[in-house]
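# got a predicted structure here, sequence first:
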Amino acid sequence: MTATRTPDAPLDAWRAYAAAHERLVRHLAREITRETGLSDADYAVLEVLAEAPGGRLRSRELRLALEWEKSRLSHQTRRMEQRGLLGRETCEADGRSADVVITELGRAAAARARAVRETSLRALVVDTLGAERVEGLAETAELLAARLARAADDDPYCRAALAADD
């Protein structure tokens with residue numbers, strides 16, 4: 001017997017996905033904190049810097065990559081700098097501004113956290129969904145990311161928020 005589809009079925013599917021995604025995000029954050037002592041925000045900053053050329057970015061570039069407000073990034077990077085996970089160095093390009101730079105301690109912490117996250121994602125997502133569904137998930141994510149990028153480009157409020165505090 002087939003389930004009757006209601007007009008709300010697509011939104012119900014989205015709500016179910018969003019709820020599962022939120023649980024997954026919270027689970028991963030708890031695991032990383034338990035195993036490495038890093039918060040979710042610490043990990044987000046370290047991941048972006050670890051992938052950046054030379055492990056360094058201007059604050060504005062880091063803020064845009066994370067889609068954070070200037071004050072949030074400032075507070076977060078200050079706390080991480082105090083713990084030795086990152087530092088600030090004179091910008092190589094212009095010599096006037098400062099770059100946020102991942103330290104060796106930060107790089108090691110990011111690598112440990114990435115290993116914890118990947119192990120958990122394999123067990124919880126990849127092994128649960130299987131190769132075909134993971135491929136579908138990747139295609140869906142690409143479609144949504146492209147659509148969201150277009151929506152952000154078309155939205156003057158979004159453009160203004162991203163440009164704020166430069």
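Ah, there it is.

# gap between the residue nearest to L24 when sequence neighbours are not counted and R117?
The shortest distance from L24 to any non-neighbouring residue, by Cβ to Cβ, 6 or more residues apart in numbering, is to L124 (6.6 Å). C-betas here are computed from N, CA, C, even on glycine. Distance, L124 to R117, by Cβ to Cβ, to the nearest Å: 10 Å.

# who has more neighbours, the two?
R117 (18 against 15; other Cβ atoms under 10 Å).

# next up, the contacts around the more buried one.
28, 31-32, 43 (Cβ atoms under 8 Å, 6 or more residues apart in numbering).

# before we move on, what about R114?
E47.

# how much space between it and L73?
For R114, the distance to L73 - Cβ to Cβ - is 21 Å.

# do you know the pLDDT at the residue nearest the centre of the chain?
Centroid-nearest residue in the chain, with Cα atoms, centre = their mean: A44, separated by 5.1 Å. Note on A44: pLDDT of 97.

# repeat that for the one 4 residues further on.
We have a pLDDT of 98 for V48.

# what about it, distance to E132?
31 Å.

# more neighbours, the two?
V48 (19 against 8).

# so where does that one fall, helix or strand?
Assigned by DSSP states H and E, V48 belongs to helix 40-51.

# tell me what that helix is packed against?
Judged by 3 or more Cβ pairs under 8 Å, 6 or more residues apart in numbering; DSSP states H and E, helix 40-51 is in contact with helix 9-36, strand 56-58, helix 59-66, helix 70-82, strand 86-90, strand 98-102, helix 104-121.
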